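Participant: Just to be clear, the model below is a prediction. Sequence and coordinates:
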Amino acid sequence: WRCTPSEAIGIWSVILFYTTIFVATITHSVMQSNAGAERNDAATRRHIMAGDSGDDWLMLCSFLLYFFGLAAGCLVWALGGLAWVHPVQIWWVQLLGAVMLAACGYLFVAAHVDMGENWSPEPEQLTRHQLVTHGVFRWVRHPMYAAFLWASIGTFLATLNWVVAWCVFGVNLIMFSRIPTEERILVEISAGRYLQYRREVSALGPPWSCLGFDREMPEAINSQYRDVYSRVR
């Protein structure tokens, strides 16, 4: 199987993207630790426990589907060879994937910069937590997760290997499971301003509204903060 220039660029773009993700995450974690960011444990536990059991079951089924799909793909690769999982090479498609990954890397780093001390490596409420709506957050509520979602597509295009793309797609399932908890936290720390913000800005960008993260939040959360928000406004 000939490694063409576009093939090499595609593979290296995947490696560079995920290396950027790792370095940016570790660097920001160290900066947060040095800044003394403190976690509100009681509030964080409350928001995690408030999760919808129906969503938990859906996420569990998604993880099982992902796991068995990945296992089947690896078996096909091992038994059938590379041609079964990477049947074609199309230079312009792979270059397009490389460009998408570069853009996703920029989006991920920009989101880190815009969040500053409000970022956390896991869904948690910080004692000095603030709602961020500037920078890339003007166009998407969860730009880091949007970057991972688009990068999954970019990875497939850059490598034209469906097993590699399926492997990295699992990151999205982890990200999607975090969104409901993070949004409950943001509603509380923003005195309800987040309810209006989420009506104006898509969670992952316009193409992904079908995933359901732009639907109205549960009525219990809406009613809890509606009066507070009306006073703040």
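Facilitator: Arrived safely, thanks for sending.

Participant: how about the helices in this protein?
Facilitator: In the chain, the segments counted as helices under DSSP state H are 5-35, 41-49, 53-80, 82-85, 91-115, 143-159, 162-189, 193-200, 219-232.

Participant: Helix 91-115 and the first one, what's the angle between them?
Facilitator: Think helix 5-35. 10 degrees (axes from the mean of the first three to the mean of the last three C-alpha atoms, to 10 degrees).

Participant: Next, the angle helix 162-189 makes with helix 5-35.
Facilitator: Angle of helix 5-35 versus helix 162-189, following the same axes, to 10 degrees, is 30 degrees.

Participant: model confidence over helix 5-35, on average?
Facilitator: On average, the pLDDT along helix 5-35 is 92.

Participant: residues of that helix that come out buried?
Facilitator: For helix 5-35, burial by neighbour count (16 or more other C-beta atoms under 10 Å) applies to 6-7, 9-11, 13-14, 17-18, 20-21, 24, 28, 32. C-betas here are computed from N, CA, C, even on glycine.

Participant: center of the protein, which residue is that?
Facilitator: For the chain, Tyr145 is the residue whose C-alpha lies nearest the centre (C-alpha atoms, centre = their mean; 1.8 Å).

Participant: sorry, back to before: quick one, which of the helices of the chain is nearest to His134?
Facilitator: helix 91-115 (6.3 Å; C-beta to C-beta).

Participant: so what's Ile11 up against?
Facilitator: Contacts for Ile11 (C-beta atoms under 8 Å, 6 or more residues apart in numbering) come out as 158-159.

Participant: again with Ala111
Facilitator: 135-137, 143-144, 147.

Participant: Which one of those residues is nearest to Pro87?
Facilitator: When the contacts of Ala111 are compared against Pro87 (criterion: C-beta to C-beta), the nearest one is Ala147, at 27.8 Å.

Participant: For the closest one, grab the count of nearby residues.
Facilitator: By the criterion of other C-beta atoms under 10 Å, Ala147 has 27 neighbours.

Participant: quick one: contacts for it?
Facilitator: 104-105, 107-108, 111.

Participant: Identify the residues contacting stretch 164-183?
Facilitator: 14, 18, 47-48, 51-52, 55, 59, 62-63, 66, 69-70, 73, 85, 122-123, 142, 144-145, 148-149, 151-153, 155-156, 159, 194, 198, 203, 211, 213, 217.

Participant: mind redoing it with 6 Å?
Facilitator: 47-48, 59, 62-63, 66, 69-70, 73, 123, 145, 148-149, 152, 155-156, 213 (C-beta atoms under 6 Å, 6 or more residues apart in numbering).

Participant: Quick check: buried residues in that stretch?
Facilitator: 164-172, 175-177, 179-183.

Participant: How about stretch 138-156?
Facilitator: Neighbour-count burial for stretch 138-156 flags 140-156 (criterion: 16+ other C-beta under 10 Å).

Participant: Same check on stretch 101-121?
Facilitator: 101, 104-105, 107-112, 114-115, 118-120.
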